[in-house]
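*Asks:* need coordinates for the following:
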Amino acid sequence: MNKLSENTKKILKVLIVIVGLALLSVTIYLILYACGLTDKETISNWLLKWGELAWVVFILTRVVCTIFLSFVPACSMAFDAIALMLFGSMMHYEPWKVFIICLISVILASCIMDVIGRFGGSRAIIKLVGKKDYDEALDLVQEKGIVYVPVMYLLPVFPDDAICLVAGAARIKFWVHFLYIFFFRGIGCATVVFGVSVIPEGVRTFTSTNVWDYVEVVTVVVFWIFAVFRIAGFVDKWLTKKLKERKALKESTTEEAKVEE
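*Replies:* Numbers count the residues shown, from 1 in each chain. Predicted coordinates for the structure are as follows:
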């Protein structure tokens with residue numbers, strides 16, 4: 001009972017920290033919103049004033065905002081939309097150039113969040129839950145992260161930047177995590193930059209009066225989200241089975257070693 005109570009307290013401490021960080025991000029976002037600094041058109045017009053340096057300022061702005069707004073869902077998608085509006089519509093960049101700018105900015109921002117989590121977050125978690133519980137959770141995240149981190153990067157409902165922070169704190173191998181960022185967050189950037197043109201203009205601008213236009217788009221999106229989760233579920237079951245087999249083999253080897261001693 002005492003052990004359960006101790007574990008519950010540790011979990012509560014971690015949850016309090018996570019909720020606190022999330023509330024901080026949301027509060028900063030609401031302040032920016034109240035000041036009119038979250039409007040895509042306003043930000044695009046401000047960046048436009050920088051001329052040829054606009055892409056550099058955009059990347060730096062995204063990195064800074066990522067740190068403070070990491071727990072705001074779909075924040076990354078919002079920046080991709082700003083890039084599309086600014087560089088695509090206003091500055092008439094070719095789509096592949098817009099994609100490169102988005103990809104560079106998201107990789108830089110994600111790697112910075114990983115490093116913050118890796119060198120700051122992990123120490124904080126160890127202090128909250130203890131080294132032993134941290135190591136056990138670390139093993140689980142590192143093994144299962146191969147399934148769920150990419151899935152969360154693919155879907156816009158998750159706060160991707162906060163996930164980068166958690167992945168860093170969980171000490172997922174940096175180069176493995178970098179590949180996740182490059183491929184799966186890159187897919188997210190490509191979806192916004194190139195995928196917008198696939199969506200019918202009437203739906204994209206909300207000017208269509210045909211309900212079925214919206215139904216078709218939503219149906220396709222829901223189908224792909226469902227497919228991603230189903231695939232992740234199958235991989236998770238297979239991975240869980242392998243982990244149990246590995247754990248059983250490890251325990252068996254340990255028992256044999258004890259008998260020999």
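
*Asks:* and for Met152, nearest residue in space, chain neighbours not counted?
*Replies:* Phe158 (4.3 Å; Cβ to Cβ, 6 or more residues apart in numbering). Every C-beta, even on glycine, is put in place using the N, C-alpha and C of the backbone.

*Asks:* what about the one you found, distance to Asp213?
*Replies:* Taking Cβ to Cβ, to the nearest Å as the measure, Phe158 falls 27 Å from Asp213.

*Asks:* same check, this time on Lys173
*Replies:* Here the criterion is Cβ to Cβ. By it, Lys173 lies 44 Å from Asp213.

*Asks:* what is the burial count for the residue lying closest to Ala109 once chain neighbours are set aside?
*Replies:* Using Cβ to Cβ, 6+ apart and skipping the chain neighbours, the partner closest in space to Ala109 is Thr66 (3.9 Å). The number of residues packed around Thr66, counting by other Cβ atoms under 10 Å, is 25.

*Asks:* report the contact partners of Cys75.
*Replies:* By Cβ atoms under 8 Å, 6 or more residues apart in numbering, the contact list for Cys75 reads Cys65, Thr66, Leu69, Pro159, Asp160, Asp161.

*Asks:* may I ask which of those residues has the most neighbours?
*Replies:* Ranked by neighbour count (other Cβ under 10 Å), the contacts of Cys75 have Asp160 at the top, with 28 neighbours.

*Asks:* what does the pLDDT read for that one?
*Replies:* Among the per-residue scores, Asp160 shows a pLDDT of 79.

*Asks:* now do the helices in the stretch 151-261 of the chain.
*Replies:* Secondary structure of the stretch 151-261 of the chain (DSSP state H, counting those that start in this stretch): helices located at 160-169, 174-180, 186-195, 201-204, 211-260.

*Asks:* could you tell me the least trusted of the ones you listed?
*Replies:* Averaging pLDDT over each of these singles out helix 201-204 as the lowest, with a mean of 64.

*Asks:* tell me which residues are up against stretch 177-185.
*Replies:* By Cβ under 8 Å, 6+ apart, the residues outside stretch 177-185 that reach it are 76, 103, 106-107, 110-111, 114, 149-150, 153-154, 160, 164, 167-168.

*Asks:* for these, which one is nearest Val217?
*Replies:* Val217 has its nearest neighbour among those in Leu154, at 17.7 Å by Cβ to Cβ.

*Asks:* wait, the closest one sits on Gly188?
*Replies:* Yes. Under the criterion of Cβ atoms under 8 Å, Leu154 makes contact with Gly188 at 6.6 Å.

*Asks:* since that was my last question, I'll sign off now.
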